[in-house]
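S.K.: Build me a model:
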Amino acid sequence: MAQSLPTATRTAAAPPAWKGHSVLLLCFITIVFDGYDLVIYGSTVPSILKYQEWGLTTAQAGAIGSLALVGMLLGTMSVGMLTDRLGRRRIMLASIMMFSICMLLTAFAPSAEIFGALRFLTGLGLGGVVPTCIALTVEYARKERRQIANALMFSGYSVGGVGASLLAINLLQHVEFRWLYAIGALPMVTLLPVAWKLLPESVAYLARTGRTAEAEATADRFGLIYPDIVSTEDTGSATAAGNSSLKTIFTRKFLLSTILFALANFCGLLLVYGLNTWLPQIMRQAGFNLGDSLTFLLVLNAGAIVGSISASMVADRIGIKRVVTASFLLAFVAILMLTLQLPLAMLLVIVAFAGLGSVGTQILVGGYCATHYPQSLSATALSWSLGVGRIGAICGPIIGGAVASLAFGWQMNFYMFAIFAVVGSVVVFTVPRKVHP
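M.R.: Numbers count the residues shown, from 1 in each chain. Take a look at the predicted model:
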């Protein structure tokens, strides 16, 4: 067998421009549909509550909103156990197929119970998407550009959220809410065939499973520097009997970081899904009409797009930890200001900053986690921390629905979200320094 160049001296040839960005683009489009499929529920909650055939209460609507997130929790945790065996490419393709089919079936749900069950199954499919997309995007980006690459990719979540809001604003007055769920099936015939052909396997996964020559060839083909992806620690662990990546992230070396990233994801995802599910309904209770209430949701996600990309550029220069801590604190201030009786234009600006502090911060937390661990561990670390974090995602809609049903006043929801923003900032500030090269 021909000898490969020593990894310390390997350099990356420049690939064709489309190939260098194909992984980021495919992951971006996948996350667009992930964001659409999740945010569309918050956009349709007012219409679903008015749907007399189902007769749902606000508490029941909150519970249904959480079913997709329960599915995501199980799906995300499963990815952590399956990544070592199946690789990231297979998980991505299977996830796209599953959530697309389930979204189509949701559009034809004959009852609220079946609708909720299909939202759960959709969540199972979506659960494999986020950790896989983050891990692949960070891995296939230049080392010095990983945070901006992750932010650009994950801004797709907010693009999907904006799309869901725009479609709801323009279509719900003319068509039944079911049509908006049918749109979520488009990846089956658009994205999946392209991803099947173009999406490469993870270089770190190939190296970890002993396919070193293939891993090096893949890195060269995409213009990557092999040692930036695969360290001697990664290749050494590939041959260690029974040494799974899930077991490794709970060793003494990584334990504190693993716990803290799970807590950070809990706080971040509670903010993301709590606000995306209930912001339109909260603003309706505050006296705004349906169109203005949905506009708040649109601005929330638009603010996350601009804010997270800008913040990630800063993070690549001064360090991700400082930026994530500051972003959580920004969420705290912005969410508290939403309780004030301010003009609509001013509230929209504040909601945009809340978008950076909630959705945008969660994007940054994912990038922070992915770069904190060696690349061979990043998908598993992301899967586990996001899986635990999904408990926060589940709590967000449930708590929002419970507070709304208890008639404590619409401001109480914002007070609750603000508290978790502060906790998130403290947790991220406590994350220890990286302990790998």
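S.K.: can you tell me the helix or strand for the closest residue to Leu206 other than its chain neighbours?
M.R.: If the residues on either side of it in the chain are set aside, Leu206 comes closest to Ala215, at 3.7 Å by C-beta to C-beta, 6 or more residues apart in numbering. Bear in mind the C-beta positions are built from the backbone N, C-alpha and C, glycine included. Assigning secondary structure by DSSP states H and E places Ala215 in helix 212-221.
S.K.: need the next SSE after that helix, C-terminal direction.
M.R.: Helix 212-221 is succeeded, C-terminally, by helix 226-229 (DSSP H and E).
S.K.: Could you give the number of residues near the closest residue to His372 other than its chain neighbours?
M.R.: Once flanking residues are discounted, His372 sits nearest to Lys434: 5.7 Å by C-beta to C-beta, 6+ apart. Neighbourhood size, Lys434 [other C-beta atoms under 10 Å]: 12.
S.K.: Am I right that Lys434 is in contact with Ala370?
M.R.: No - if you go by C-beta atoms under 8 Å, Lys434 and Ala370 don't touch, sitting 11.9 Å apart.
S.K.: shared neighbours of these two, anything?
M.R.: Overlap of the contact sets of Lys434 and Ala370 (by C-beta atoms under 8 Å, 6 or more residues apart in numbering) is empty.
S.K.: hmm, back to that, identify the residues contacting the residue nearest to Leu206.
M.R.: 203-204, 206-207, 226, 230.
S.K.: Could you single out the nearest of those residues to Val351?
M.R.: Nearest to Val351 among the contacts of Ala215, counting by C-beta to C-beta, is Ala204 at 38.4 Å.
S.K.: check which helix or strand covers that closest one.
M.R.: helix 203-208.
S.K.: avg pLDDT for that helix?
M.R.: Across helix 203-208, the average pLDDT comes to 86.
S.K.: again, but for stretch 279-295
M.R.: pLDDT averaged over stretch 279-295 gives 78.
S.K.: got a list of contacts for that stretch?
M.R.: By C-beta under 8 Å, 6+ apart, stretch 279-295 touches 42-43, 45-46, 49, 58, 165, 168-169, 296-297, 300, 344, 348, 351, 400, 404, 410, 413-414.
S.K.: May I see the buried residues of that stretch?
M.R.: 279-286, 288, 290, 292-295 (16 or more other C-beta atoms under 10 Å).
S.K.: Need those in CSV (columns: secondary structure and distance to Gly62).
M.R.: Output for these, formatted as CSV (DSSP: H, G, I helix; E, B strand; the rest coil; distance: C-beta to C-beta, whole Å):
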residue, secondary structure, distance to Gly62
Leu279, helix, 13
Pro280, helix, 13
Gln281, helix, 10
Ile282, helix, 12
Met283, helix, 16
Arg284, helix, 15
Gln285, helix, 14
Ala286, coil, 18
Phe288, coil, 20
Leu290, helix, 19
Asp292, helix, 22
Ser293, helix, 17
Leu294, helix, 18
Thr295, helix, 22
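S.K.: Show me which of the residues you listed is closest to Pro187.
M.R.: Leu294 (23.8 Å).
S.K.: Nearest residue to that closest one in space, ignoring adjacent ones along the chain?
M.R.: Using C-beta to C-beta, 6+ apart, the closest residue to Leu294 is Ile169 (4.9 Å).
S.K.: On the three-state scheme, the one you found is what?
M.R.: helix (DSSP: H, G, I helix; E, B strand; the rest coil).
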